[in-house]
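Q: Based on what follows, work out the 3D shape:
(one chain, ligands or ions: 1)
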Amino acid sequence: MTVVDAGTVRSFRSAKLPTGELVPVLGQGTWGFAEDPRLREDEIAALRLGLDLGMTLIDTAEMYADGGAEELVGEAIVRRRNDVFLVSKVLPENATFRGTIEACKRSLRRLRTDRLDLYLLHWRGAVPLEETINGFDSLVRAGNIRHWGVSNFDLPDMIEVVGLADDAVCTDQVLYNLSRRGIEYDLVLWCQEHRIPIMAYSPIERGRLLNSRTLKVIAARHRASPATVALAWVLRQDGVIAIPKASSEAHVRENRAALDLHLTAQDLADLDRAFPPPKGPQPLAMI
Ligand code: NAP
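A: Alright, predicted model coming up:
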């Protein structure tokens with residue numbers, strides 16, 4: 001895929017869904033949007049700039065600001081719906097067969113669209129997976145969603161859901177960043193083998209990573225920002241999508257720059273020392 005950025009045509013890396021469709025590896029998160037009306041215009045402008053720069057995958061959820069984030073996204077993408085790969089999530093308590101269908105229709109109304117590109121179960125709850133999957137299947141048949149997937153599923157849950165639905169499971173959206181590397185021990189490898197992209201949420205640890213001395217040193221080497229380096233690290237491997245949330249245009253531009261930053265072997269070794277990879281299995285971390 002190519003995007004036009006300030007007059008320059010650049011290539012934008014993509015990840016392949018099990019269905020064969022390509023999606024951009026760098027998208028935009030929306031958790032925390034629509035909570036302060038004074039920030040609304042900036043949040044909308046940030047999302048629109050991200051679209052202009054090729055970050056056309058937008059992640060939201062019925063949970064965020066109680067539907068307010070979906071409404072804000074709906075406003076941001078009005079008249080450019082076809083440019084966007086739109087992701088939303090159903091809460092586990094709504095994820096019965098009927099509940100999934102009704103929750104999706106509410107999300108579609110708030111998002112001012114007739115379809116989601118990807119609909120995720122936000123985390124696993126008490127409803128049997130088969131019921132939620134039947135809800136997703138029915139939504140696919142009706143044209144309300146194009147693909148579905150899961151979020152916060154650890155390896156045993158992934159084995160179970162793929163056993164039930166095979167290559168219909170299009171992603172596992174999980175916490176992944178330099179300070180949360182547990183999934184590298186097993187889940188990342190398993191998903192790569194099954195050609196299921198991981199969608200890394202909180203890829204800069206909600207901003208907490210940015211004070212790391214090592215990140216600052218590496219950022220200075222590249223005349224980049226620590227956020228750019230942290231995202232380039234998440235995106236260093238194929239089959240990983242990152243969805244940073246940014247509410248200012250400056251942050252969006254720094255995040256977009258991650259796609260053009262090549263980390264050297266020395267950078268990667270320094271980051272491994274500061275943020276060691278897992279030595280054994282770890283339970284999935286959630287925010
Ligand atoms: P994040 O993207 O790691 O961090 C967001 C924070 O970092 C915000 O405070 C933002 O500030 C700041 N930031 C962004 N770019 C920056 C930059 N270039 N320089 C300095 N600060 C920067 O955390 P997140 O929002 O938790 O995760 C991203 C998205 O993943 C969410 O928005 C949501 O869509 C999704 N998510 C999903 C789950 C799940 O359970 N499935 C859980 C958490 C998150 P500003 O807003 O001021 O720019």
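
Q: Contact partners for the residue nearest to residue 32 when sequence neighbours are not counted?
A: Leaving out its chain neighbours, the residue that sits closest to residue 32 by CB to CB, 6 or more residues apart in numbering is residue 245, at 6.2 Å. Every C-beta, even on glycine, is put in place using the N, C-alpha and C of the backbone. By CB atoms under 8 Å, 6 or more residues apart in numbering, the contact list for residue 245 reads 28, 29, 30, 31, 32, 33.

Q: how close does residue 245 sit to the ligand?
A: Between residue 245 and the ligand the distance is 3 Å, computed by CB to the nearest ligand atom, to the nearest Å.

Q: Repeat that for residue 95.
A: 14 Å.

Q: Pretty sure that residue sits against residue 127.
A: Yes. In this structure residue 95 lies within contact range of residue 127 using CB atoms under 8 Å: 4.7 Å.

Q: ok, the two, which is more surrounded?
A: Remark: of residue 95 and residue 127, residue 95 carries more neighbours, 25 against 19, as counted by other CB atoms under 10 Å.

Q: What residues does the more buried one make contact with?
A: 103, 121, 125, 127, 131, 132, 135 are the contacts of residue 95 under CB under 8 Å, 6+ apart.

Q: Just the buried ones from the residues you listed?
A: Neighbour counting by 16 or more other CB atoms under 10 Å classes 103, 121, 127, 132, 135 among the contacts of residue 95 as buried.

Q: Which single one of those is nearest to residue 159?
A: If you rank the buried ones among the contacts of residue 95 by distance to residue 159 using CB to CB, residue 121 comes first, at 15.6 Å.

Q: next one: phi and psi at the closest residue to the closest one other than its chain neighbours?
A: Spatial nearest neighbour of residue 121, excluding adjacent residues (CB to CB, 6+ apart): residue 150 at 5.0 Å. Phi and psi for residue 150, reported as degrees, to the nearest 10, are phi -130, psi 170.

Q: Who are the contact partners of residue 150?
A: By CB under 8 Å, 6+ apart, residue 150 lies in contact with 120, 121, 124, 157, 158, 161, 169, 171, 172, 173.

Q: Can you read off the pLDDT for residue 170?
A: Predicted confidence (pLDDT) for residue 170: 98.

Q: all helices of the stretch 1-150 of the chain, in order?
A: In the stretch 1-150 of the chain, the helices defined using DSSP state H, counting those that start in this stretch lie at 40-52, 68-76, 97-111, 129-142.

Q: out of those, deepest packed?
A: Among these, ranked by average contacts under mean count of other CB atoms under 10 Å, first place goes to helix 68-76 (a mean of 23).

Q: Determine how far it lies from the middle of the whole chain.
A: Centre-to-centre, helix 68-76 and its host chain are 17 Å apart (CA atoms, centre = their mean, to the nearest Å).

Q: With stretch 125-145 instead?
A: Centroid separation for stretch 125-145 versus its chain: 20 Å, with CA atoms, centre = their mean.

Q: That one vs the ligand: in contact?
A: No. Stretch 125-145 stays clear of the ligand (CB under 6 Å from any ligand atom), getting no nearer than 12.6 Å.

Q: So what touches that stretch?
A: Residues outside stretch 125-145 that contact it (CB under 8 Å, 6+ apart) are 90-93, 95-101, 104-105, 108, 114-119, 121, 146-148, 160-161, 164-165, 168.

Q: rerun at 6 Å
A: The contact list for stretch 125-145 (CB atoms under 6 Å, 6 or more residues apart in numbering) reads 92, 95-97, 100-101, 104, 115-116, 119, 121, 148, 161, 164-165.

Q: Nearest to residue 201 among these?
A: Within those, the smallest distance to residue 201 is 14.1 Å, found for residue 121 (CB to CB).

Q: and the stretch 151-287 of the chain, which of its residues are near the ligand?
A: Counting by CB under 6 Å from any ligand atom, the stretch 151-287 of the chain comes close to the ligand at 151-152, 173, 201-207, 210, 225, 227, 243-248, 251, 254-255, 287.
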